[in-house]
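[1] Predicted coordinates and the sequence they were generated for:
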Amino acid sequence: MRIMVVDDETPIKDYIAACIRGLGGDYVLTASVSRSTLALERLQHEQIDVVLTDITMPRMNGLELLSQIKLQWPEVEVVMLTCHDDFDYVRTAMQSGAADYILKSEITPELLRRLLERLGKNREKVSRQGDKLHAEQYLCRVLEDEKVDMLPEEELQLYGLPRNGGCFALMFKYDKAVLDELAHHSANWVGWQLLFSYHNHRIALLAGTRTTNSEREQREQMIALYNGLQALTDSRIGLSELHRGMSSAKRALFEAMTDMDGAFYRSPGATSIPPRTEPEENLQELFIMRNNAVVSIHAHNTNELQRQMDTIFAFARAQCVSVPRLRRLLIFVVNTVPDLALHPVVQQTEQAINDAEHLDELESALNTFVSSLNEGTQQYSANIQQAVDYIRAHFCENLSLQDAAQSVFLNNEYFSRRFKKEVGVNFSEYLLKLRLDEADHLLRQTDLRVGEIAERVGIGNVSYFSMVYKKQFGLTPNESRRKQH
């Protein structure tokens, strides 16, 4: 195994290098450098299996180095060297693909030996499966594809997944104690297992069971494993049913995800399992509620928006809506706020939506959002508030700054300065944002041609419309429409 050490603290770097040299011929120290840029240069020209890197370094830190390594050399294992007070960095590193982390104060030759031995075993497994370990990306992709249910045998073979035996899945938020237990767990009833990262800092485990045990024995062993892991963490671990064949792997993963989401709705200690699937009519109802909320935002009606939020959360509670789906819906709604001056509120709310650990926290974040919008509508002077209302009512017309200024009996120059000072953006930016948000709404809700939509929102030039739409949303109008279907 070929190893490189990256640390700007020379005594630590030299100590780790000495420890590695003392481990014997199986471990070769190929480089010991003090800067991330030097590490990247060595990786360009040498085969390196493991990089031990400090997290906090000047210029390019360890997290940035990790990102570059995983982008260019994904097969290289990266271990983070850290101090006691670097927990936030550690969590980010593990979520970004680091193999492990070790505290500098605890480094010994024996600790390094155990770490490198474990990484070596992992690399042997990767080597045996070769390119087929793209299974992780494959499973993530099929989880997102609503058209896929059972996995074809030819695809299981292509991605190195067994075609025989039973399977089950676990899903949990990143937790080192749980990961360590799974790394050291061995049982003759588990034929194989695959750990991979999924959305929102989740870790998924897909495991196969041996057919030599009865189905009853396999289920008992699966639940015993689950109970042991759950005892290690305060976060809910999702557990699937036991399935007879690997073609049901997606179902198992979806069940584990749904079971994990159930903790979002139920009180601690409850054991009821939420519905395993979301009926199509549920999705249609959610779509209608989402659109009603967006319309109330555009209508500047915070009372109606609050009512729509209450309806969404009541429905989510009753139906145990998929938590990722609920988060995406709410983020979509808050991002339709047209007032650029309120974008800090939008960003704070989006972060709160992603961080919420329970439905009550999520509902509180949205109630705060609605209150902020209500306060935001009162933040302008009387003249500017009247102008904003006028612009919202006429933005689809051939509206000019002079029209808006005249609506409140102010001269153009004074109105322009006051508008920029109070609203936070100039008149043309505000007008364009309103038009693009309405265009996005029409793209999602109607079958109108792109040219017709551009004309409806007051933008006569279709090419210009497509250009500014893509700048705002990251997709062309046609790409956005295809994505919705």
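    All right, it came through fine. Residues are numbered from 1 along each chain as shown.
[2] All the helices of the stretch 1-150 of the chain, in order from the start?
    Using DSSP state H, counting those that start in this stretch, the helices of the stretch 1-150 of the chain run over 10-21, 36-45, 62-72, 87-95, 109-129, 135-144.
[3] Comparing these, which comes out most buried?
    Mean neighbour counts were compared across those using mean count of other CB atoms under 10 Å; the top stretch is helix 62-72, at a mean of 18. Every residue, glycine included, has its C-beta placed from N, CA and C.
[4] Now do it: everything it contacts.
    6, 36, 39-40, 43, 51, 53-57, 76, 78, 80-81, 89, 92-93, 96-98 (CB atoms under 8 Å, 6 or more residues apart in numbering).
[5] need the helices of the stretch 1-150 of the chain in JSON lines with distance to residue 167 and mean pLDDT, can you?
    Shown next, in JSON lines, are those (distance: least, CB to CB, whole Å; pLDDT from 0 to 100):
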{"stretch": "helix 10-21", "distance to residue 167": "39", "mean pLDDT": "91"}
{"stretch": "helix 36-45", "distance to residue 167": "37", "mean pLDDT": "90"}
{"stretch": "helix 62-72", "distance to residue 167": "28", "mean pLDDT": "87"}
{"stretch": "helix 87-95", "distance to residue 167": "25", "mean pLDDT": "72"}
{"stretch": "helix 109-129", "distance to residue 167": "17", "mean pLDDT": "77"}
{"stretch": "helix 135-144", "distance to residue 167": "12", "mean pLDDT": "81"}
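[6] Residue 184: which of those is closest?
    Closest of these to residue 184 is helix 109-129, at 8.5 Å (criterion: CB to CB).
[7] The closest residue to residue 83 other than its chain neighbours: neighbouring residues, count only.
    Nearest residue to residue 83 in three dimensions, chain neighbours excluded: residue 104, at 6.1 Å (CB to CB, 6 or more residues apart in numbering). If you count neighbours by other CB atoms under 10 Å, residue 104 ends up with 16.
[8] quick one, what contacts residue 104?
    Listed by CB under 8 Å, 6+ apart, the contact set of residue 104 reads 12, 81, 82, 83.
[9] So which one of those is the model least confident about?
    Among the contacts of residue 104, residue 83 carries the lowest pLDDT, at 77.
[10] Residue 102 versus that one, what's the distance?
    To residue 102, residue 83 is 11 Å away according to CB to CB, to the nearest Å.
[11] Next: residue 145.
    From residue 145 to residue 102 the distance is 38 Å (CB to CB).
[12] quick one, which of these two is more surrounded?
    Neighbour count, other CB under 10 Å: between residue 145 and residue 102, residue 102 has more, with 17 against 10.
[13] Correct me if wrong: that one contacts residue 79.
    Yes: if you go by CB atoms under 8 Å, residue 102 and residue 79 touch, sitting 6.5 Å apart.
[14] Next, show the common contact partners of the two.
    Residues touching both residue 102 and residue 79 (CB under 8 Å, 6+ apart): residue 115.
[15] contacting residues around the closest residue to residue 305 other than its chain neighbours?
    Spatially, and ignoring its direct neighbours in sequence, residue 305 is nearest to residue 296 (4.1 Å; CB to CB, 6+ apart). Applying CB under 8 Å, 6+ apart to residue 296 gives the contacts 302, 304, 305, 307, 308.
[16] run the last query once more with 10 Å
    302, 303, 304, 305, 306, 307, 308, 309, 333, 370, 373 (CB atoms under 10 Å, 6 or more residues apart in numbering).
[17] want to throw those residues into TSV with neighbour count?
    Formatted as TSV, these follow (neighbours: other CB atoms under 10 Å):
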residue	neighbour count
302	19
303	10
304	15
305	23
306	19
307	15
308	23
309	20
333	25
370	22
373	23
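[18] what's the most distant pair in these?
    For these, the farthest-apart pair by CB to CB is 303 and 333; their separation is 15.7 Å.
[19] lowest-confidence helix or strand of this protein?
    Lowest by mean pLDDT, DSSP states H and E among the helices and strands of the chain is helix 87-95, with a mean of 72.
[20] Quick check: which helices or strands does it pack against?
    helix 62-72, strand 77-82, strand 100-103, helix 176-184, strand 202-209 (3 or more CB pairs under 10 Å, 6 or more residues apart in numbering; DSSP states H and E).
[21] As TSV, the ones you listed with distance to residue 401 would be great.
    Output for those, formatted as TSV (distance: least, CB to CB, whole Å):
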stretch	distance to residue 401
helix 62-72	44
strand 77-82	54
strand 100-103	56
helix 176-184	57
strand 202-209	49
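[22] Indicate which one of those is closest to residue 438.
    For residue 438, the closest of the helices and strands packed on helix 87-95 is strand 202-209, at 35.5 Å, according to CB to CB.
[23] hey, where'd the helices end up in the stretch 301-450 of the chain?
    Using DSSP H, counting those that start in this stretch, helices in the stretch 301-450 of the chain cover 302-319, 323-334, 343-355, 359-376, 382-394, 401-407, 412-423, 427-445, 450-456.
[24] any chance of these in TSV, plus mean pLDDT?
    Below are those laid out as TSV (pLDDT from 0 to 100):
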stretch	mean pLDDT
helix 302-319	88
helix 323-334	88
helix 343-355	86
helix 359-376	85
helix 382-394	88
helix 401-407	94
helix 412-423	88
helix 427-445	87
helix 450-456	93
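[25] for residue 23, what are its contacts?
    By CB under 10 Å, 6+ apart, the contact set of residue 23 is 1, 3, 29, 109, 110, 112, 113, 116, 117.
[26] Quick one: these as JSON lines, columns for distance to residue 198 too.
    Shown next, in JSON lines, are those (distance: CB to CB, whole Å):
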{"residue": "1", "distance to residue 198": "29"}
{"residue": "3", "distance to residue 198": "30"}
{"residue": "29", "distance to residue 198": "35"}
{"residue": "109", "distance to residue 198": "36"}
{"residue": "110", "distance to residue 198": "34"}
{"residue": "112", "distance to residue 198": "31"}
{"residue": "113", "distance to residue 198": "32"}
{"residue": "116", "distance to residue 198": "28"}
{"residue": "117", "distance to residue 198": "28"}
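[27] so which of the residues you listed comes closest to residue 412?
    Of all these, residue 3 has the smallest distance to residue 412: 68.1 Å, by CB to CB.
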